[in-house]
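J.: this one's structure only:
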């Protein structure tokens, strides 16, 4: 097998120094046309292929960003990361996507790669309450991190969220307008911003309608189908049953649907259900799921655009941007039955 050509081989053939070849290939050196042509011809003749990482590091940038998601198998996070990746690739950046499994140790490891220069910036999507370590890492790397979807308290980084409380309020108002009063809520993990805010909207809508929720009407779970299926058992053990449920995410709503199906409880004939996310699959569910739709593409796009702008040296402010949500009605809500279970 023939030896791969080196930058020294190119320099020798073009009759220039290896430094001149490197700088010319990276666009950092202007040479007379004849000299540039010699280098170009030498590269072609020798089939020289510069080492991408070495070339990037020589320019002081990795020309790559990282995206941290809690679980890449979760469709919401996959769609969000996919849009951010599209924007980054269009700008000439490579993208590394890490699935943290929602473990802080795995998230912190991504910051080690950022510090080592393997990536230029990080889009962070976390889904748990911080113990202070994430915020500390983010503060130590100003201008290199953007937070999406969930807050990291004390992080001092640009962030993009949605109007969680308004979404929780609208979902619950929609159920109240259909005549429901026993409206339970199965939301995200305790201490997570989105779960706190969506539950706050649920409580506000109930309060305005003169409804005082019982403690057991509120159940906490993870934003995943399997734990939501397990934890939804608590709602189906209530006596009397709620006539409606507001789920803190569409994945959680799928867990509720699974439990209802196991018990022969029909949606929406027996229990109405509203989710939160607005996933494309909602139209295909049985029944199609009414949900609060988040602008998932906009979250990914705006987060990536802000990060790339910071990497390129544009001035930035530590802002918290809220994007709007909207209620998308389908077939999972109906008026409550008159008889009790």
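T.: Arrived safely, thanks for sending. Quantities reported herein were computed from a predicted structural model and do not represent experimental measurements. Numbers count the residues shown, from 1 in each chain.
J.: Let me see the backbone angles for the residue nearest to residue 183 when sequence neighbours are not counted.
T.: Take residue 183 and drop its neighbours on the chain: the residue closest to it by CB to CB, 6 or more residues apart in numbering is residue 244, 4.7 Å away. For the C-beta atoms, the positions are set from N, CA and C on the backbone; glycine is no exception. Main-chain torsions, residue 244, degrees, to the nearest 10: phi -150, psi 150.
J.: In this structure residue 244 contacts residue 332, no?
T.: No. If you go by CB atoms under 8 Å, residue 244 and residue 332 don't touch, sitting 9.7 Å apart.
J.: Give me the common contacts of the two.
T.: Both residue 244 and residue 332 are in contact with 272-274, where contact means CB atoms under 8 Å, 6 or more residues apart in numbering.
J.: For residue 23, the count of nearby residues, please.
T.: When neighbours are counted by other CB atoms under 10 Å, residue 23 registers 16.
J.: So it lies in a helix, does it not?
T.: Yes. Counting by DSSP: H, G, I helix; E, B strand; the rest coil, residue 23 is found in a helix.
J.: gap between it and residue 326?
T.: 52 Å (CB to CB, to the nearest Å).
J.: Residue 9 now?
T.: 61 Å.
J.: if you count what's nearby, which of the two comes out ahead?
T.: Per other CB under 10 Å, whichever of residue 9 and residue 326 has more neighbours is residue 9, with 18 against 14.
J.: for that one, what are its contacts?
T.: By CB under 8 Å, 6+ apart, the contact list for residue 9 reads 42, 46, 48.
J.: Could you pull up phi and psi at the closest residue to the second one other than its chain neighbours?
T.: Think residue 46. Excluding its sequence neighbours, the residue lying closest to residue 46 (CB to CB, 6+ apart) is residue 5, at 3.8 Å. For residue 5, the backbone dihedrals (degrees, to the nearest 10) come out as phi -70, psi 140.
J.: likewise residue 7?
T.: Note on residue 7: backbone dihedrals following degrees, to the nearest 10 are phi -70, psi -30.
J.: I figured it was touching residue 22, is that so?
T.: Yes. The pair residue 7 / residue 22 is scored as a contact, 6.1 Å apart, by CB under 8 Å.
J.: which residues does the residue nearest to residue 46 contact?
T.: With contacts defined as CB under 8 Å, 6+ apart, residue 5 is in contact with 46-49.
J.: Relative to residue 337, which of these is nearest.
T.: Among these, residue 49 lies closest to residue 337 (CB to CB), at 69.8 Å.
J.: who's in contact with the closest one?
T.: For residue 49, the contact set (CB under 8 Å, 6+ apart) comprises 4-5.
J.: And for the closest residue to residue 41 other than its chain neighbours, the neighbour number?
T.: Among residues not flanking residue 41 along the chain, residue 14 sits closest, at 7.6 Å (CB to CB, 6+ apart). Neighbours of residue 14 under the rule other CB under 10 Å: 23.
J.: per-residue pLDDT, residue 14?
T.: At residue 14, the predicted lDDT confidence score is 92.
J.: Could you check how far it is from residue 37?
T.: 9 Å.
J.: Which secondary structure element of the protein has the lowest mean pLDDT?
T.: helix 52-58 (a mean of 56; mean pLDDT, DSSP states H and E).
J.: how many neighbours does residue 148 have?
T.: Neighbourhood size, residue 148 [other CB under 10 Å]: 26.
J.: Next: the one 3 residues further on.
T.: Burial of residue 151 is recorded as 20 neighbouring residues (other CB under 10 Å).
J.: And residue 284, by the same measure?
T.: Residues contacting residue 284 under the criterion other CB under 10 Å number 9.
J.: And the pLDDT for it?
T.: pLDDT recorded at residue 284 is 92.
J.: before we move on, what about residue 26?
T.: For residue 26, pLDDT reads 59.
J.: need the strands for the stretch 51-200 of the chain, in chain order.
T.: Listed in chain order, the strands found in the stretch 51-200 of the chain under DSSP state E, counting those that start in this stretch are 64-69, 94-99, 121-124, 145-148, 159-162, 183-187.
J.: who wins for most neighbours among the contacts of residue 9?
T.: Ranked by neighbour count (other CB under 10 Å), those have residue 42 at the top, with 20 neighbours.
J.: Help me confirm that that residue comes into contact with residue 13.
T.: Yes. Applying CB under 8 Å as the test, residue 42 and residue 13 come out as touching, 4.0 Å apart.
J.: How is the chain divided into domains?
T.: Domain ranges of the chain: 7-58, 64-161+296-322, 164-294, per automatic domain parsing.
J.: and the ones you listed, which is most packed in?
T.: Most buried of the domains of the chain by mean neighbour count (mean count of other CB atoms under 10 Å) is domain 164-294; its value is a mean of 20.
J.: what about that domain, start to end distance?
T.: Using CA to CA, to the nearest Å, the end-to-end distance of domain 164-294 comes out at 9 Å.
J.: just stretch 112-123 next, same as before
T.: Stretch 112-123 has an end-to-end distance of 14 Å (CA to CA).
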